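Colleague: next come a sequence and a model predicted from it.
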Amino acid sequence: MTRSPAATRLVLAELGADAEADPSAGLVVFARALRDAGAEVVHGGAMTSVGALVRVVEQEDPAALVLGLAQAGTEDPDPAALVAELVAALPGLAVYGLDARARRAGLPEPPADLGRAGDSTQT
């Protein structure tokens, strides 16, 4: 009997969002698509700080993190600074930008094969 490769474990989250906020529609749609492709998806939801997101990622031990950035208010920190802080706190983990805002802040777009069993999640 042939064993299928283990599912790729991914964390999806939105940084800078109010913890009470509903997840963005894009995050939910992408999570479903990844799940349908065979990935094990951990939906981290709305994260209010880099520290909170780092704790979730460390607990879940994913192959990659897919991040959306919530719309910034006038007092919110620079998105590029948030992304730099997050990437520095998670060395060796592939971090991808779900939305245009995250990609403008320096994160690469998720690869087309992200979530398929045995994929390579290199940054």
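Modeller: Received the coordinates, thanks. Keep in mind it's a predicted model, so treat the numbers as computed, not measured.

Colleague: which stretches of this structure have low pLDDT?
Modeller: Applying pLDDT under 70 to the chain picks out residues 1-6, 17-23, 72-76, 117-123.

Colleague: the residue nearest the centre of the chain bridge partners, please.
Modeller: Closest to where the C-alpha atoms of the chain average out (CA atoms, centre = their mean) is residue 66, at 2.0 Å. Residue 66 forms beta bridges with residue 12, residue 96, as assigned by DSSP bridges.

Colleague: wait, it sits on residue 110?
Modeller: Yes - the pair residue 66 / residue 110 is scored as a contact, 5.7 Å apart, by CB atoms under 8 Å. Bear in mind the C-beta positions are built from the backbone N, C-alpha and C, glycine included.

Colleague: which residues are in contact with each of the two?
Modeller: 30, 96, 97, 98 (CB atoms under 8 Å, 6 or more residues apart in numbering).

Colleague: farthest-apart pair in those residues, please.
Modeller: The distance between the two most remote of those (CB to CB) is 11.3 Å, for 30 and 97.

Colleague: so residue 61 is in contact with residue 9, correct?
Modeller: Yes - applying CB under 8 Å, one finds residue 61 in contact with residue 9, separated by 7.1 Å.

Colleague: of the two, which one has the most company?
Modeller: residue 9 (16 against 10; other CB atoms under 10 Å).

Colleague: show the contacting residues for the more buried one.
Modeller: Residues in contact with residue 9 (CB under 8 Å, 6+ apart) are 39, 40, 42, 60, 61, 62, 63.

Colleague: what about burial for those residues, which qualify?
Modeller: 39, 40, 42, 62, 63 (16 or more other CB atoms under 10 Å).

Colleague: what about the third one, which SS state?
Modeller: Following DSSP: H, G, I helix; E, B strand; the rest coil, residue 42 is assigned to strand.

Colleague: what's next to stretch 80-87, contact-wise?
Modeller: 15-16, 50, 53-54, 67, 69, 95, 97, 102, 104-107.

Colleague: what about 6 Å?
Modeller: The contact list for stretch 80-87 (CB atoms under 6 Å, 6 or more residues apart in numbering) reads 50, 95, 105, 106, 107.
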